[in-house]
Each structure stands twice: as structure tokens, then as C-alpha cells.
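Chemist: Sequence plus the predicted model coming up.
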Number of protein chains: 2
Amino acid sequence: MLDDTVKALAKGKNFAALTTLLPDGQPQTQIMWVDADEEHVLINTEVHRQKFKNVTRDPRATVTIIDSGNPYHYAEVRGRVVETVRGEQARAHIDDLSQKYNGTPYQNPITSERVILKIAPARQHSH
Amino acid sequence: MLDDTVKALAKGKNFAALTTLLPDGQPQTQIMWVDADEEHVLINTEVHRQKFKNVTRDPRATVTIIDSGNPYHYAEVRGRVVETVRGEQARAHIDDLSQKYNGTPYQNPITSERVILKIAPARQHSH
């Protein structure tokens, strides 16, 4: 289960630093929209992205979610991508995220296919 | 050399997601104050911290600096800790950082010893 603080940060209008591992082990860290269900941090990306290739090869990922109102308040979730969801559900989820962040459905072009990364925590804490 | 955009973000009153690698290779990502010189991103930590132990063992680090005014504007620097500086210079540098972020000298207790991590970029880009 996700901690309540982590879940609240992930469900709020906050941004996350998503880190995945490149083939040589160097970390790749990008700023992303974020969401959560009861058990996972959720990230929505596209299947042609390097970050998706990274977690397909090595599922370890770390997500640090920063409170938009206070950068000293953040949560770090270290875990693994335990499931990926493509298709209609992932397409609808990026609309939900766009509603949260922009107040409108997702309007950017989709290059390949949206995919939800479900990240299960091995360790989670907040500062 | 650091790109001008990276340098400007690191010298501004912005926060960085610093990622280092734990002994098992899992990324650790924390939100930090940040600075730069002409050639390096600079992070100031203490020598008893896990992040310092991490880079002592594996110098690879990735720093993603987020524009405080616009989270869609950020720079990612993938590189290595090529030098560490302890002693008076590191103690003075945390005062400089505190002046930038808080407008006062550093007032938190120092548990062990301050240390500057000098991170040289292997790849840098901004979004």
C-alpha cells in the first residue's frame, strides 16, 4: 500500500522526478505528471520513449514527488514497475492527468501509444 | 563546460533532483539546493549521508534542475562526481547557498562535515 502522504502528493497537482536506469546503469531523471492508486505510483508515458525502454529492461524506478507549494516537502518512492497498461485505459488516463494539471483533455500529439507505468514501492518516505 | 541554460538554472533560486545509485543499483532521488561553476553542477551535502557514500562507491549522478517558476522548464545533467571538496571551502559554500535560498547564513546543525560534489556533465539538455 502507498503511504497516505505519498498518495496525497501523487494525487495532488504536483510534479514528480521519475528516475529510470539507462542500459549502462546511468540514471535518467525527468519531470513528469504523476498519479496514484491505492498500491502504486502511476506515471503515463509513451512506448517509444527511452524511459519506457529502460523499465522494460530493468524495472527499477524511483519517483520523487515535490509539493508544488513547498519544495522542502517531498516524498521519495523507490520501487519497481510491476505492471504496464496500454490501449484505451492509458489513453483515458492521460486525459485525466491533463484535466488535473491543465483543466482540459490532453491536446498534445501522441507519437506512438500511451502507457501507464504502475510502480510498487519497496521503500517510501517523505521529508 | 556547462551549457548556459543549465548554468542559469543551477545558479538561480531553483531546486534540483539529485540521483545517485544505492549499492544494489536502485536510484536514490532527493531534492536539493544546487549551484554551478563554469564546468560543474555543484551539490553541497554532508559526508555521513547515504548520497555521499553512494558517489564514493559509484560516481555516476544525474541532476535535474527545475525552474521554480515553470516546472515544464528543466535541465537534466547526466554525469559523474569528478571531485569532492571538504573543509572550510565546503562550509563557506553552504552559507552561500543558504544566502541564495533563505537570505541568511546556514543555521541548521552540521552533523558530520559539509562536502561539495562537483558533477561534470557527460550529457546535458533542457526541456
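Modeler: Thanks, I have it.

Chemist: quick one: residue A:75 from residue A:67, how far?
Modeler: Distance of residue A:75 to residue A:67, given as CB to CB, to the nearest Å: 9 Å. Just so you know, the C-beta spots here come from the backbone N, C-alpha and C atoms, and that holds for glycine as well.

Chemist: next one: residue A:113
Modeler: Distance from residue A:113 to residue A:67, by CB to CB: 31 Å.

Chemist: can you check residue A:50 too?
Modeler: From residue A:50 over to residue A:67 (counting by CB to CB), the distance is 27 Å.

Chemist: neighbour count winner among these two?
Modeler: Neighbour comparison, residue A:50 and residue A:67: the larger count goes to residue A:67, with 19 against 13 (by other CB atoms under 10 Å in any protein chain shown).

Chemist: Tell me the confidence at the nearest residue to that one once chain neighbours are set aside?
Modeler: Spatially, and ignoring its direct neighbours in sequence, residue A:67 is nearest to residue A:73 (3.9 Å; CB to CB, 6 or more residues apart in numbering or on different chains). Looking at residue A:73, its pLDDT is 97.

Chemist: same deal with residue A:127?
Modeler: 87.

Chemist: correct me, but it touches residue A:74?
Modeler: Yes. Using CB atoms under 8 Å, residue A:127 is in contact with residue A:74, at 5.7 Å.

Chemist: The two: which is more packed in?
Modeler: Neighbour comparison, residue A:127 and residue A:74: the larger count goes to residue A:74, with 24 against 12 (by other CB under 10 Å).
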